[in-house]
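Trainee: quick one: sequence and predicted model below, then my questions.
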Amino acid sequence: MAHRDQAATTGTWSLHPDRALPADRELRPLAREIYAATRGLPIVSMHGHVDAGLLADDAPFGDPAELFVTPDHYLVRMLVAQSTSPHGAPGVRGVHSLGVAPLPGAPAGTAPAETDPREIWRRFCAGWRLYRGTPTRNWLEHALVEVFDAPVPPSTETADALYDHLVDRLARPEFRPRALFDRFGLEILATTDPAQASLADHARLAADGWGARVVPTFRPDPLLHVDREDWADQVAALGVAAGVDVVDYRSYLDALRRRRAAFVAAGARATDHGHLSADTTPLDDADAARILDAALRGEVTADEARAFSAHMLFQMAAMSADDGLVMQLHPGVLRDHCDGILRAYGPDKGYDIPGRTDYVRSLRPVLEAFGHHPRFRMIAFTVDETSFSRELAPLAGVYPALRLGAPWWFLDTPDGMRRFREAVTDTAGFYNTSGFVDDTRAFCSIPARHDLARRIDAGHLARLVAEHRLDLDEAAETAVDLAYHLPRASYPPLG
């Protein structure tokens, strides 16, 4: 938590050194000591959405609104949710008022984006109170204070001075992307890239000696859902990228394998799959070929599409057993809940909503086939935390190929991470989990998210020490493993 009185009286703003550590007087000193063992460790960021071009170009960041506000769906969704409330930020009427631009060909009447970055920043600062108690506030405070030396917290009164301060910092060479990458202590960063991506930015990074530090991740989702409106265009782009004329099921699989090989050659360590369902039931090849043919003709049904996407998750697992790419699965989110926002402004605008997810039956086909395979590794995530102790922890606690992913998205909060440790450790222990992944598009939030996770784990481990369930040296060693060694081991380099 920030020292607000100090900021008001001296013009300086600092963060409490014990933020997010246990309030209990016996636990806090133990947590401090455990956290100290992890605080300076390098960051292994193996699941994120930072654009590789940001680092390949290494150009200065734009204005504060472009960096902090417009691309952050966590931040945008809160302001939009309060847009008609007396407590909301003045001027916020929808995503457009925070700089989100309409799509080309958006429906008539779609509101144009606000283009004045200072006005967008003012709206965000006026709504700062809305983030009280949220992880968004933790991340933003860390970035503003620890990275950009912000002298005061956001508010209506401080908005312009804070904007000017950030503009000054962003113009300095030590605040360009690669300099911050080093300053953050990033050992490796994995991006998330479409299957048909050229990987040109990764090639530029490799030419500059950054190839082992920034690696791609293979994300084929749009290609596996054959009832998407843009599926035919996606498949055509896949064929061009792979050098394959996709005319049937066999050529479709060949194109996917070729693109996976291109990602492996570029340093990839993982694939990434965000299906609504975790179903991995395979089809007979003849049925899969028939559905693919129907999709190519534009005649596929919704039931066929669901069955095919489940089948293709099984096929992705089979390919991972061959090429060694770790298979990341994070299902259970209904993407773009508001169709009007999707059509007007596109995806990832804060309208993705979690739902109930089954894993026990859904993952059984893949785990029966590959759960003991020496080259197969799956990391399963969820936003349905009721499944942690009931389903995912028991599965990860017995299948060698399965690891349980860290609390993700709506759950990578202080309390969500505490509940995760309490729910899964009894059955999965610490060492059948992946270690922390940040899953962020906001580059400057990466160290904030990892720091918060390390603090929460320190608090959990401190309680085990206080209850005489662990020795202090064991707790410190476990904290280091969770923060550093487990993410490295969960995403091993290929070859």
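Mentor: Here it is on my side, so go on.
Trainee: give me the residue at the spatial middle of the chain.
Mentor: residue 439 (1.5 Å; C-alpha atoms, centre = their mean).
Trainee: so that one: helix, strand or coil?
Mentor: Using DSSP: H, G, I helix; E, B strand; the rest coil, the secondary structure recorded for residue 439 is coil.
Trainee: I'd assumed residue 408 was in contact with it.
Mentor: Yes. Assessed by C-beta atoms under 8 Å, residue 439 is found in contact with residue 408 at 5.6 Å. Any C-beta I mention is one placed from the backbone N, CA and C, and that applies to glycine too.
Trainee: which neighbours do those two share?
Mentor: When C-beta atoms under 8 Å, 6 or more residues apart in numbering defines a contact, no residue borders residue 439 and residue 408 alike.
Trainee: which residues in the chain form strands?
Mentor: Under the criterion DSSP state E, strands of the chain are mapped to 43-45, 186-190, 193-194, 214-215, 218-219, 270-273, 326-329, 333-334, 353-354, 378-380, 402-404.
Trainee: per-residue confidence averaged over the third one?
Mentor: If you average the pLDDT over strand 193-194, you get 97.
Trainee: what's it in contact with?
Mentor: With C-beta under 8 Å, 6+ apart as the test, strand 193-194 has contacts from 52, 199, 202, 216, 217, 218, 219, 220, 222, 263.
Trainee: can you check the longest one too?
Mentor: Residues outside strand 186-190 that contact it (C-beta under 8 Å, 6+ apart): 42-48, 50, 55, 181, 212-217, 268-270, 446, 491.
Trainee: change it to 6 Å
Mentor: With contact meaning C-beta atoms under 6 Å, 6 or more residues apart in numbering, strand 186-190 is reached by 42, 43, 44, 45, 46, 213, 214, 215, 217.
Trainee: same thing with the fifth one?
Mentor: By C-beta under 6 Å, 6+ apart, the residues outside strand 218-219 that reach it are 192, 194, 195, 260, 263, 268, 271, 272.
Trainee: ok, the last one - contacts?
Mentor: Which is residue 272. Applying C-beta under 6 Å, 6+ apart, we find residue 272 in contact with 192, 217, 219, 328.
Trainee: go with 8 Å
Mentor: 47, 192, 217, 218, 219, 221, 328, 330.
Trainee: quick revisit: and the contacts of strand 218-219, which two are furthest apart?
Mentor: 192 and 260 (14.5 Å; C-beta to C-beta).
Trainee: distance of residue 204 from residue 68?
Mentor: 26 Å (C-beta to C-beta, to the nearest Å).
Trainee: what residues are bridge-paired with the closest residue to residue 378 other than its chain neighbours?
Mentor: Closest residue in space to residue 378, ignoring its immediate chain neighbours: residue 327 at 4.6 Å, by C-beta to C-beta, 6 or more residues apart in numbering. In this entry, residue 327 is beta-bridged to residue 271, residue 378, by DSSP bridges.
Trainee: hmm, residue 327 is touching residue 376, no?
Mentor: Yes. Using C-beta under 8 Å, residue 327 is in contact with residue 376, at 7.5 Å.
Trainee: so what sits against both of the two?
Mentor: 317, 320.
Trainee: verify the stated contact: residue 465 with residue 475.
Mentor: Yes. Counting by C-beta under 8 Å, residue 465 does reach residue 475; the two are 5.0 Å apart.
Trainee: the residue nearest to residue 378 and residue 283, how far apart?
Mentor: 19 Å.
Trainee: name the residue in these two with the higher neighbour count.
Mentor: Remark: of residue 327 and residue 283, residue 327 carries more neighbours, 24 against 18, as counted by other C-beta atoms under 10 Å.
Trainee: how about the contacts made by the more buried one?
Mentor: Counting by C-beta under 8 Å, 6+ apart, the residues that residue 327 touches are 270, 271, 273, 316, 317, 320, 376, 377, 378, 379.
Trainee: would you point out the most distant pair within the contacts of strand 193-194?
Mentor: Distance extremes for the contacts of strand 193-194: the farthest pair is 202 and 222 at 19.9 Å, using C-beta to C-beta.
Trainee: so between those two, which is more surrounded?
Mentor: Per other C-beta under 10 Å, whichever of residue 202 and residue 222 has more neighbours is residue 202, with 25 against 17.
Trainee: check whether that one really touches residue 213, as I assumed.
Mentor: No. Residue 202 lies out of contact with residue 213 (C-beta under 8 Å); the separation is 10.7 Å.
Trainee: can you count the residues close to the nearest residue to residue 493 once chain neighbours are set aside?
Mentor: Among residues not flanking residue 493 along the chain, residue 269 sits closest, at 6.4 Å (C-beta to C-beta, 6+ apart). Neighbour count for residue 269, taken as other C-beta under 10 Å: 23.
Trainee: and what of residue 191?
Mentor: Using other C-beta under 10 Å, residue 191 has 25 other residues around it.
Trainee: that one reaches residue 214, doesn't it?
Mentor: Yes. If you go by C-beta under 8 Å, residue 191 and residue 214 touch, sitting 6.7 Å apart.
Trainee: who touches both of those two?
Mentor: Counting by C-beta under 8 Å, 6+ apart, the residues touching both residue 191 and residue 214 are 52, 202.
Trainee: from residue 223, how far out is residue 233?
Mentor: 11 Å.
Trainee: so these two - more neighbours on which side?
Mentor: More crowded of residue 233 and residue 223, by other C-beta under 10 Å: residue 223, with 22 against 11.
Trainee: next, the contact list for the more buried one, please.
Mentor: Applying C-beta under 8 Å, 6+ apart to residue 223 gives the contacts 195, 196, 231, 234, 235, 238, 256.
Trainee: can you check residue 228 too?
Mentor: Applying C-beta under 8 Å, 6+ apart to residue 228 gives the contacts 222, 234.
Trainee: about what we covered before: what's the farthest-apart pair in the contacts of strand 186-190?
Mentor: Top of the distance list for the contacts of strand 186-190 (C-beta to C-beta): 42 and 217, 19.2 Å.
Trainee: what pLDDT does the residue nearest to residue 378 get?
Mentor: pLDDT for residue 327: 98.
Trainee: likewise for the one 10 residues further on?
Mentor: At residue 337 the predicted local confidence, pLDDT, stands at 93.
Trainee: same check on residue 431?
Mentor: Model confidence at residue 431 (pLDDT) stands at 98.
Trainee: look up phi and psi at it.
Mentor: Main-chain dihedrals, residue 431, degrees, to the nearest 10: phi -90, psi 0.
Trainee: please renumber so the chain begins at 11
Mentor: Noted, 11 is the first residue going forward, which turns the last one into residue 441.
Trainee: roughly how far apart are residue 271 and residue 388?
Mentor: Taken as C-beta to C-beta, the span from residue 271 to residue 388 is 20 Å.
Trainee: neighbour count winner among these two?
Mentor: Each of residue 271 and residue 388 has its neighbours counted (other C-beta under 10 Å); residue 388 has more, 26 against 14.
Trainee: so that one makes contact with residue 376?
Mentor: Yes. Counting by C-beta under 8 Å, residue 376 is a contact partner of residue 388 at 7.0 Å.
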